[in-house]
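1. this one's sequence-less:
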């Protein structure tokens, strides 16, 4: 028989969400920076747009993926 995969759960039996609100906000900010960088590149700003694109692709989006959500129960 095929092995059934069980959903990943926390120690107390509750399911955990891999991303929190801050992750989605950072991801959205990264997409806005990247989009603005592409528009600036199209407009001919060849000094600012590469900086914005590198910042968006190499800093903001990876931070949004790597940042772990803070559990309020672990703070206390």
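-> Happy to help now that I have it. Here the structure is a predicted model, which means the values were calculated and not measured.
2. shaky segments in the protein?
-> Low-confidence segments of the chain, defined by pLDDT under 70: 1-2, 4-13, 71-76.
3. Which parts of it are helices?
-> In the chain, helices defined by DSSP state H lie at 21-43, 49-55, 61-66, 72-75, listed in chain order.
4. If you count contacts, what does the longest one end up packed against?
-> In this structure, helix 21-43 makes packing contacts with helix 49-55, helix 61-66, judged by 3 or more Cβ pairs under 8 Å, 6 or more residues apart in numbering; DSSP states H and E. Where you see a C-beta, it was placed from the backbone N, CA and C, and this is true even at glycine.
5. looking at the ones you listed, which is buried most?
-> Among these, judged by mean count of other Cβ atoms under 10 Å, the one packed with the most neighbours on average is helix 49-55 (a mean of 16).
6. Can you give the contact residues for stretch 52-63?
-> Applying Cβ atoms under 8 Å, 6 or more residues apart in numbering, the external contacts of stretch 52-63 come out as 26-27, 29-31, 33-34, 36-38, 40-41.
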